[in-house]
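Engineer: sequence first, then the predicted structure:
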Amino acid sequence: MEDMEPKNAATGPTFAPPLFSFSNPGGASFGFGFGFDSGAPPPPPPPAVEVLLSEESPVAVASLEPVMVDDSLSIYKGRVSTADVFAVKNSDLVPGKYEGGLKLWEGSLDLVKTLNSEIKGDRLLLEGKRVLELGCGHGLPGIFAGLKGAGLIHFQDFNAEVLKCLTIPNVKVNLFKETSEGTCTSSSVGFFAGDWSEMDKLLLCGDAEKDKTTGGDTEDKTYNGYDIILMAETIYALSSLPNLYRLIKKCLHYSGGVVYMAGKKHYFGVGGGTRQFLRLVEEDGAMQPELLNDVADGSSNVREVWKFSFK
Ligand SMILES: C[S@@+](CC[C@H](N)C(=O)[O-])C[C@H]1O[C@@H](n2cnc3c(N)ncnc32)[C@H](O)[C@@H]1O
């Protein structure tokens, strides 16, 4: 895992070969696919919890590295070792225990760059928007939304430790300013940990069904949900796609909410991928997909960025 991290602060991150390829030269045991090697059932999901800014971990941010979005914009990210936080070495993830959030994955930068192009092409406005980043890890897409004026940003990760050690420090470095009254940010930020099957208890709900019965005309802000949901590299495990899609539909504002998703066409060995997610969306029939970007750089699996909106 660590060899996936940036090597050179001046040039920004370098990314590793295809993740989840199962051609693991280091010989580490991944045990992906939620089919544990031992045949034991996965552990029960962790409870959904809110993580406060004050819970930032002292492990955090030994060194800060810039990630170039374009010539005029960099986002800074910290670096934390899985060995220090989860006592796990040489592993991208341990299903049900650690879901990969300490590493910066290629898709998150694909997503940020696509959002940047959408803004430049006047197809996206983030100013004042309520944004949720699912499976955030470093949180670069959510941080980008903050830099572009989002009014509220909620960051979700499976692991509270990831939020405490990495996401919160990254958010503070990029979005908080020192003032005479202390540090503050112009966006309202929140951090939530837990499994997608549980997260609707804490996140805003768009409640598409309720809005449909009232023609979308509700004054009840708690049922307005997020204007924009962002997610990168969250669709690798086939088994978690239904919960992820259910959560998105619950949390997205009806009917104007939009999802931006970056991911690989296939995650070999774990069964997920953009095609599998699209199949789920098409079978359900509530949302329409649009391909915004595909990155076939020859060196890895094809990567894509998709946009979804209610029909
Ligand atoms: C491969 S990492 C991607 C991290 C980050 N988005 C990036 O691209 O750098 C997958 C992320 O999805 C989240 N995740 C995976 N399965 C999950 C589940 N069942 N419930 C909640 N979050 C999950 C984890 O929090 C993890 O950070």
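Structural biologist: Yep, it's here.
Engineer: counting contacts, what elements does the longest helix along the chain pack onto?
Structural biologist: Counting by DSSP state H, the longest helix found in the chain is helix 106-120. Contact here means 3 or more Cβ pairs under 8 Å, 6 or more residues apart in numbering; DSSP states H and E; on that basis helix 106-120 packs against strand 65-70, helix 140-147, strand 228-232, strand 258-264, strand 287-295, strand 303-310. The C-beta positions use only the backbone N, C-alpha and C, and glycine is treated the same way.
Engineer: who does whatever helix or strand comes next after that helix pair up with?
Structural biologist: Going down the chain from helix 106-120, the next helix or strand is strand 130-134, by DSSP states H and E. Strand 130-134 has the following sheet partners, assigned by DSSP bridges: strand 152-157 (parallel), strand 228-232 (parallel).
Engineer: tell me which residues in the first one are buried?
Structural biologist: For strand 152-157, a neighbour-count test (16 or more other Cβ atoms under 10 Å) marks Leu152, Ile153, His154, Phe155, Gln156, Asp157 as buried.
Engineer: I'd say Glu198 and Pro47 touch.
Structural biologist: Yes - using Cβ atoms under 8 Å, Glu198 is in contact with Pro47, at 6.6 Å.
Engineer: who has more neighbours, these two?
Structural biologist: Glu198 (17 against 12; other Cβ atoms under 10 Å).
Engineer: pull the number of nearby residues for the closest residue to Gly149 other than its chain neighbours.
Structural biologist: Nearest non-adjacent residue to Gly149, counting by Cβ to Cβ, 6 or more residues apart in numbering: Glu127, 3.7 Å away. Using other Cβ under 10 Å, Glu127 has 10 other residues around it.
Engineer: check contacts around Glu127.
Structural biologist: Glu127 is in contact with Lys148, Gly149, Ala150, Gly151, counting by Cβ atoms under 8 Å, 6 or more residues apart in numbering.
Engineer: for the last one, give its distance to the ligand.
Structural biologist: Counting by Cβ to the nearest ligand atom, to the nearest Å, the gap from Gly151 to the ligand is 22 Å.
Engineer: what score does that residue have for pLDDT?
Structural biologist: On the pLDDT scale, Gly151 is placed at 96.
Engineer: tally up the residues packed near Val305, please.
Structural biologist: 25.
Engineer: who's in contact with it?
Structural biologist: So Val305 contacts Gly107, Asp110, Leu111, Thr114, Tyr260, Met261, Ala262, Leu291, Leu292, Asn293, Asp294, Val295 (Cβ under 8 Å, 6+ apart).
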